[in-house]
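Novice: my questions concern the predicted model and sequence given below.
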Amino acid sequence: MSDDQETPEVAAIQAQLGSWLDSHRQLKLDLTNPPLDFKKINNSIFNTDQNKVRISIGFTSENLTKNSSLEDFQSSFSFVALDHLPIPDLHGIPSQWDIYPQTPMSSFSEGVTFEQYDPSTQILQLNIETRFFAFYGRIPQEHYIADAGLPKGTCLQLRRDFEGSIKLRAKLHFE
């Protein structure tokens with residue numbers, strides 16, 4: 001973000017994020033217990049948006065069903081989009097701020113490993129190894145003005161490369 005967005009609060013949050021990166025060096029998330037509910041939002045994309053987690057998983061096949069095999073999911077896999085993830089052990093951020101890591105690309109397929117699929121529970125287990133390039137933060141606004149910048153001190157971006165390792169159990173809903 002440009003310097004014109006920096007306020008003492010933004011500077012303090014950026015310092016906390018920098019300290020978090022210095023001590024953790026990697027974002028490790030275990031999103032396996034309980035499994036996250038992924039709803040089918042069209043014929044080939046499943047999405048979850050719960051508990052500060054927003055992830056989409058896309059496939060090339062529109063014919064995947066609850067009885068598909070792990071191999072069916074693997075061979076049809078197109079992308080994963082990590083739109084919003086929590087940051088474990090990050091404390092002291094004012095509650096109105098929404099902060100999450102950003103990947104260099106909005107979606108990707110490299111580094112995604114399909115571990116297991118159980119048709120009886122419809123749970124797909126994935127491991128995702130990826131790189132992040134920044135933390136982004138904002139204070140959500142009730143009424144955005146089209147084509148206008150956000151008010152000073154309501155958004156930030158701290159750019160630093162870091163690795164991510166995410167374990168995910170996705171409860172797929174096919175209806």
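Specialist: Everything's here; your move.
Novice: can you tell me the element the nearest residue to Phe132 once chain neighbours are set aside falls in?
Specialist: Distances taken as Cβ to Cβ, 6 or more residues apart in numbering place Pro101 nearest to Phe132, at 4.3 Å, with adjacent residues excluded. For the C-beta atoms, the positions are set from N, CA and C on the backbone; glycine is no exception. If you go by DSSP states H and E, Pro101 is part of strand 98-102.
Novice: partner strands of that strand, with direction?
Specialist: Sheet pairing here is set by DSSP bridges, and for strand 98-102 it gives strand 123-138 (antiparallel).
Novice: and the partner strand, what's buried?
Specialist: The neighbour-count check on strand 123-138 (16 or more other Cβ atoms under 10 Å) flags 123-126, 128, 130, 132, 134-138 as buried.
Novice: same for the helix or strand following that strand, what does it pack against?
Specialist: Note on strand 123-138: by DSSP H and E, the next helix or strand toward the C-terminus is strand 155-173. Under the contact criterion of 3 or more Cβ pairs under 8 Å, 6 or more residues apart in numbering; DSSP states H and E, strand 155-173 touches helix 8-24, strand 26-40, strand 45-50, strand 98-102, strand 123-138.
Novice: redo those as TSV? Include mean pLDDT and distance to Ser76.
Specialist: Below are the helices and strands packed on strand 155-173 laid out as TSV (pLDDT from 0 to 100; distance: least, Cβ to Cβ, whole Å):
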stretch	mean pLDDT	distance to Ser76
helix 8-24	95	34
strand 26-40	97	13
strand 45-50	97	12
strand 98-102	97	27
strand 123-138	97	12
